[in-house]
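K.L.:
Sequence first, then the predicted structure:
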Amino acid sequence: MPTTTLHGKQHQCRECYRNFNTGNELFKHLRNKCYSEEIRQQINKLTEHITFSTQDGHFQFKVLPHGLTNGPPTFQRIVNQILGPNRCKHVLAYIDDIIIYSQNFNEHLKHIEEVCSLLHEANFKLNVDKCEVSRTEILFLGHLIKAGTIKPDPNNIRGLTDTQEPTSAEEAFRFVKAAEYYRKFIPKFSIIAAPLHQYSPETLQQQKINKKLKFELSVEARTAFHQLKKTLTTDLILDLPDDTLPFKLQTDASVDGIGAVLLQITPNGDRPLAYMSKKLTKTQTNWPTIEQE
């Protein structure tokens with residue numbers, strides 16, 4: 001099978017398996033350096049199909065290489081099974097990125113010991129260089145979590161606010177999709193971003209055309225672009241939910257769309273947990289307000 005070698009971070013080389021990736025259930029070797037025997041057997045069975053030949057002979061991977069399409073979801077299921085009932089109680093995992101959270105230091109040490117024991121039993125090893133222990137503030141999946149609050153990663157926000165005005169439909173689409181990752185922090189996001197969504201490609205052919213098509217933003221799209229950038233510069237911060245306190249959901253509807261905010265009722269007043277919004281379809285605009293909300 002012909003392959004292409006790509007150069008990654010830290011001077012690593014990785015093979016590209018785009019042609020092989022269609023319709024296969026595969027594993028992926030990430031930061032962990034060792035797997036259980038059951039996982040190893042499945043990997044060996046799989047890597048028989050991605051062996052390669054050189055002038056020096058035939059070679060087969062002993063571990064699963066990067067780039068195979070179903071690796072991440074399969075690995076996620078494995079990690080979820082390993083963490084078992086502890087998952088969502090004091091530990092969360094996104095593929096090989098694990099976060100342990102606790103109320104105090106002693107409890108934190110206990111939770112760390114529990115999680116490390118589970119990983120050890122599964123014959124998983126951690127990359128010590130990428131581990132952070134006993135932090136009061138942490139970056140996780142593009143979010144900064146600290147003292148019961150969550151906010152966007154400032155570096156990601158800086159990348160969005162530094163974006164120049166789009167010169168093609170593809171650039172407009174890429175900007176609004178990137179900003180959409182933080183939509184829960186922005187009230188009425190769908191309504192604000194609606195003019196930019198008109199540049200979303202509906203087909204693969206349209207996506208190819210959008211890459212080359214130069215254009216000028218409409219007045220409405222330009223206004224939406226700059227309004228989103230301005231909103232992203234504000235203090236976007238939400239509280240983390242507390243199951244011991246009551247919640248409140250507020251909704252609103254207009255001719256353009258619907259919006260909602262999930263609030264936590266606290267002694268210091270209502271605190272926002274998340275904002276939600278959606279642009280109405282042509283049919284939905286005919287609904288009475290009570291049904292829209």
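P.N.:
Noted; the coordinates are in hand.
K.L.:
Now do the helix or strand hosting Asn155: which elements does it pack against?
P.N.:
Assigned by DSSP states H and E, Asn155 belongs to helix 154-161. Where contact means 3 or more C-beta pairs under 8 Å, 6 or more residues apart in numbering; DSSP states H and E, helix 154-161 is packed against helix 169-180, helix 219-232. No exception for glycine: its C-beta is placed from N, CA and C like everyone else's.
K.L.:
Show me what counts as buried in the first one.
P.N.:
By that I understand helix 169-180. For helix 169-180, the neighbour count (16 or more other C-beta atoms under 10 Å) marks Ala169, Glu170, Glu171, Ala172, Phe173, Phe175, Val176, Ala179, Glu180 as buried.
K.L.:
His90: which of those residues is nearest?
P.N.:
His90 lies nearest to Glu180 out of the buried residues of helix 169-180, by C-beta to C-beta, at 30.1 Å.
K.L.:
How much space separates that closest one from Phe247?
P.N.:
Distance, Glu180 to Phe247, by C-beta to C-beta, to the nearest Å: 24 Å.
K.L.:
buried set for the helix holding Asn155?
P.N.:
For helix 154-161, the neighbour count (16+ other C-beta under 10 Å) marks Asn156, Ile157, Leu160 as buried.
K.L.:
what's the answer for stretch 67-81, then?
P.N.:
Under the neighbour-count criterion of 16+ other C-beta under 10 Å, stretch 67-81 has Gly67, Leu68, Thr69, Gly71, Pro72, Thr74, Phe75, Ile78, Val79 buried.
K.L.:
Kindly report the same for stretch 130-141.
P.N.:
Quick answer for stretch 130-141 (16+ other C-beta under 10 Å): Leu139.
K.L.:
picking that back up, average pLDDT for the helix holding Asn155?
P.N.:
Averaging pLDDT along helix 154-161 gives 93.
K.L.:
what do you get for stretch 256-263?
P.N.:
pLDDT averaged over stretch 256-263 gives 87.
K.L.:
nearest to His108, of the buried residues of helix 154-161?
P.N.:
For these, the residue nearest His108 by C-beta to C-beta is Asn156; the value is 27.1 Å.
K.L.:
How about that closest one: what's its closest non-neighbour residue?
P.N.:
Leaving aside its chain neighbours, Asn156 sits nearest to Gly142 (5.4 Å; criterion: C-beta to C-beta, 6 or more residues apart in numbering).
K.L.:
Just want the phi and psi numbers for that neighbour.
P.N.:
Backbone torsions of Gly142, given as degrees, to the nearest 10, read phi 80, psi 20.
K.L.:
so is Lys278 in a helix, a strand, or just coil?
P.N.:
strand (DSSP: H, G, I helix; E, B strand; the rest coil).
K.L.:
What's opposite it in the beta bridge?
P.N.:
When bridges are called by DSSP bridges, Lys278 pairs up with Ile258.
K.L.:
quick one on the thing from earlier: what's the closest of the buried residues of helix 154-161 to Pro267?
P.N.:
Ile157 (30.6 Å).
K.L.:
so who does Phe247 touch?
P.N.:
Neighbouring residues of Phe247 by C-beta atoms under 8 Å, 6 or more residues apart in numbering: Pro241, Leu262, Leu263, Gln264, Ile265, Leu273.
K.L.:
Please, which helix or strand holds the second one?
P.N.:
With elements delineated by DSSP H and E, Leu262 resides in strand 257-266, which encompasses its position.
K.L.:
Packing partners of that strand?
P.N.:
Short answer (3+ C-beta pairs under 8 Å, 6+ apart): strand 257-266 packs on helix 189-197, strand 247-253, strand 269-279.
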